[in-house]
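> Give me the fold of what follows.
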Amino acid sequence: MLESLRSVWNPLRCGLATHALATVSLVFGGAGWLQAAEPIQLFNGKDFAGWHGRTTIDPRKWESTPEADKAKWNQEIADHWKVDGNEIVNDGKGAYLTTNADFGDFDLTLDFKIVKDCDSGIYLRGIPQVQIWDPDAENNRKNGNEKGSGGLWNNPAGWAGKDPLVRADNPVGQWNTMKMRLVGERCWVWLNDKAVVVDARLHDYFAPGQPLIKRGPIQLQTHGAEIRFRNISLKEFTDVESNEILRKAEAESAQNNAKFNVLFNGNDLAGWKGATGNYTVTEGSIQCMQGKGGVLYTEKSYGDFVFRFDFQLPPAGNNGIAIRYPSVEEIEQLPKDLRHGDAAYVGMTELQVLDDGHPNYKTIDPRQAHGSAYGMAAAKRGYLRPTGQWNHEIITVTGSKIQVELNGTRILDTDLATINEYMSNTPHPGKDRASGHIGFAGHSDPVKFRNIEVVPLGN
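This is a model prediction of the structure:
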């Protein structure tokens, strides 16, 4: 049958793999804060065990930093930082107090107290910075300190989050409580229980234009005046928790002002067509059968849309998202050499779903990596979770433009209308399609999908 045929354009179109299933329980508390596990205390209340000295340096370069520099910064911690009861105190000088551990997605909560004219901040994953300063200081007016603390100061002008939404600082000399959430590159900040940054992308100061690094340390910054910290706790999220946070934020996004429509009921393949015999429903997920493939696609056709889903890869797992895929009837009308039904060529594109960190794929073309518009536009690599964990992806298609966000980090932002160079010089005759079905393009591996929803855009 046409819907079960699979092209053999290259070695990525086949392979067998196994997988492990990770299950996590999740409980929600008040105000949207996750309560599934107790946070860890980053400061033990006695000394700086678990911390070291570091300055503003790209976390990617930390391992290659000269030992003499590291020793100098550690000495500055000894000279300028101290423990006073249950408080950490800095005199305004020296290197920044930095966790030995790196963190990915998390909630970070701390209290801080400043003196007049103080200027400080918190580095998340070692990236500058959530701003802390005296909003009444005269010496920082040109930098906008009167707007208050909590903004993502190093975000470029015009980016969401650069300035706090409200001024929420307590008077100088009083304690403030700050809560920071980072999932992928998406950041939230609450200051004294007021939201000052809501779902803004944190700019990578060290690599402008690139996605934020996946993991990094927490740093307490200082700039010339005393600051005190206490009650520093961090909760690192599981894959399921991160996905729930992202889904909630997407549902609230102004861009997605229409309600997401459920495409999969969790029980059977109602509403789906194509290679239905090659997919099964298991544990609330659609799964491609081992050794099977083909395109399973929605009954409805879509033009512009936002499509989101969770997926789980086995080691070396390979699948894809068919975008604006033609129906069986349309495929039968294509030239004979295109009737193979390969989503990467007869549809607008196939967006790769691939365990691209597996040794099997060390030598692939960048345009074959996960999230890539297959053979046309390369996505940024390194943002998949380990195999067996659940990933969350949201795809936005408007006209010829495609954006792919993986686990809260944008990995592809391309316009297929501008592409005229193709992998292996193989043209993609379907790339200019204005509408079609959304589907899963199986390639023999038991990849799972769940929480599958769409928002049609436009008329």
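> Beyond the helix or strand where Val130 lies, next helix or strand please.
Under the criterion of DSSP states H and E, Val130 resides in strand 127-133. Next helix or strand after strand 127-133 toward the C-terminus (DSSP H and E): strand 176-183.
> For the strand holding Val130, enumerate the helices and strands it packs against.
strand 106-114, strand 119-124, strand 176-183, strand 219-222 (3 or more Cβ pairs under 8 Å, 6 or more residues apart in numbering; DSSP states H and E). All C-beta spots, glycine's among them, are computed from the backbone N, C-alpha and C.
> repeat that with 7 Å
strand 119-124 (3 or more Cβ pairs under 7 Å, 6 or more residues apart in numbering; DSSP states H and E).
> Any chance you could list what contacts the strand it packs on?
Contacts to strand 119-124, defined as Cβ atoms under 7 Å, 6 or more residues apart in numbering, come from residues 114, 128-133, 140, 153, 180, 182, 202, 218-225, 227.
> What subset of those residues is buried?
Neighbour-count burial (16 or more other Cβ atoms under 10 Å) applied to the contacts of strand 119-124 gives 114, 128-133, 140, 153, 180, 182, 202, 218-223, 225, 227.
> Not counting sequence-adjacent ones, nearest residue to Lys401?
Excluding the flanking residues, the one nearest Lys401 by Cβ to Cβ, 6 or more residues apart in numbering is Asp415, at 4.9 Å.
> And for the one you found, the neighbour number?
Residues within reach of Asp415, counting by other Cβ atoms under 10 Å, total 12.
> Just the CA atoms of the lowest-mean-pLDDT helix or strand in the chain, as CSV, please.
Across the helices and strands of the chain, the lowest-confidence element by mean pLDDT, DSSP states H and E is helix 328-332, at a mean of 79. Only the C-alpha atoms of helix 328-332 are listed here, as CSV (Å, rounded to 0.1, in the frame of the first residue of the first chain):
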residue,chain,number,x,y,z
VAL,A,328,-3.0,9.0,-0.7
GLU,A,329,-5.3,10.3,-3.5
GLU,A,330,-2.9,13.2,-4.1
ILE,A,331,0.1,11.0,-4.1
GLU,A,332,-1.4,8.8,-6.8
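> Show me what counts as buried in that helix.
Ile331.
> so how far is it off the chain centroid?
36 Å (Cα atoms, centre = their mean, to the nearest Å).
> Would you mind splitting this structure into its domains for me?
For the chain, automatic domain parsing gives the domain ranges 2-21+258-457, 30-237.
> By mean pLDDT, show me the worst of those domains.
Out of the domains of the chain, domain 2-21+258-457 stands lowest, with a mean of 89 (criterion: mean pLDDT).
> and the end-to-end length of stretch 55-71?
This stretch, stretch 55-71, spans 12 Å end to end (Cα to Cα, to the nearest Å).
> contact partners of it?
Stretch 55-71 has contacts (Cβ under 7 Å, 6+ apart) with 73, 95-96, 125-126, 128, 206, 213, 216-217.
> The spatially most central residue of the chain: what's its closest spatial neighbour, skipping adjacent residues?
Nearest to the mean C-alpha position of the chain, by Cα atoms, centre = their mean, lies Gly408 at 2.2 Å. Nearest non-adjacent residue to Gly408, counting by Cβ to Cβ, 6+ apart: Gly184, 1.9 Å away.
> For that neighbour, grab the count of nearby residues.
24.
> how close does it sit to Glu244?
13 Å (Cβ to Cβ, to the nearest Å).
> The strand holding Val130 vs strand 119-124, what angle?
150 degrees (axes from the mean of the first three to the mean of the last three Cα atoms, to 10 degrees).
> So which residues lie in contact with strand 127-133, not counting its own?
Against strand 127-133 from outside (Cβ under 7 Å, 6+ apart): 56, 112, 114, 118-124, 140, 145, 149-154, 180, 189, 202, 204-205, 212, 216, 221.
> Let's see that with 8 Å instead.
Contacts to strand 127-133, defined as Cβ atoms under 8 Å, 6 or more residues apart in numbering, come from residues 56, 59, 112, 114, 118-124, 140, 145, 149-154, 178, 180, 187, 189, 197, 202-206, 212-213, 216, 221, 227.
> Any idea which of the domains of the chain gets closest to Glu252?
domain 30-237 (7.8 Å; Cβ to Cβ).
> which residues of the stretch 301-450 of the chain fall in helices?
Using DSSP state H, counting those that start in this stretch, the helices of the stretch 301-450 of the chain run over 328-332, 343-346.
> Can I get those in CSV including distance to Asp79?
Below are the helices of the stretch 301-450 of the chain laid out as CSV (distance: least, Cβ to Cβ, whole Å):
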stretch, distance to Asp79
helix 328-332, 72
helix 343-346, 59
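> Out of the ones you listed, which gets nearest to Cys288?
Taking these one by one with Cβ to Cβ, helix 343-346 is closest: 13.3 Å.
> helices or strands up against the closest one?
Right, helix 343-346 is packed against strand 318-325, strand 349-354, strand 437-443 by 3+ Cβ pairs under 8 Å, 6+ apart.
> And the second one, what does it pack against?
Right, the one you point to is strand 349-354. Right, strand 349-354 is packed against strand 318-325, helix 343-346, strand 401-406 by 3+ Cβ pairs under 8 Å, 6+ apart.
> among those, which is nearest Asn170?
strand 401-406 (35.5 Å).
> Check which helices and strands that closest one sits against.
strand 349-354, strand 390-398, strand 409-415.
> Show me what the second one pairs with in its sheet, parallel or antiparallel.
In the sheet containing strand 390-398, its partner strands are strand 304-312 (antiparallel), strand 401-406 (antiparallel), by DSSP bridges.
> Hey, what's the angle from it to strand 409-415? Just curious.
Using the same axes, to 10 degrees: strand 390-398 against strand 409-415 is 20 degrees.
> From the chain's centroid, how far away is strand 390-398?
10 Å.
> mind listing what's buried in that strand?
Quick answer for strand 390-398 (16+ other Cβ under 10 Å): 390-397.
> Count the neighbours of the nearest residue in space to Leu202 that is not next to it in sequence for me.
By the measure of Cβ to Cβ, 6+ apart, the closest residue to Leu202 outside its immediate chain neighbours is Cys187, 4.5 Å from it. Close neighbours of Cys187, defined as other Cβ under 10 Å, add up to 25.
> Phi first, then psi, for Cys187.
Note on Cys187: its backbone torsions stand at phi -120, psi 140 [degrees, to the nearest 10].
> Settle this for me: it is touching His203, isn't it.
No. Using Cβ atoms under 8 Å, Cys187 is not in contact with His203; the gap is 9.8 Å.
> any shared contact partners between those two?
With Cβ under 8 Å, 6+ apart, Cys187 and His203 have common neighbours Leu152.
> follow-up on the earlier one: tell me which residues touch the residue nearest to Lys401, please.
400-402.
> Could you turn the buried ones of those into a PyMOL selection?
Selection command for PyMOL covering only the buried members of the contacts of Asp415, criterion 16+ other Cβ under 10 Å:
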select buried, resi 400+402
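> Could you export the contacts of Asp415 as JSON lines, including distance to Ser301?
As requested, the contacts of Asp415 are exported to JSON lines (distance: Cβ to Cβ, whole Å):
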{"residue": "Ser400", "distance to Ser301": "17"}
{"residue": "Lys401", "distance to Ser301": "19"}
{"residue": "Ile402", "distance to Ser301": "17"}
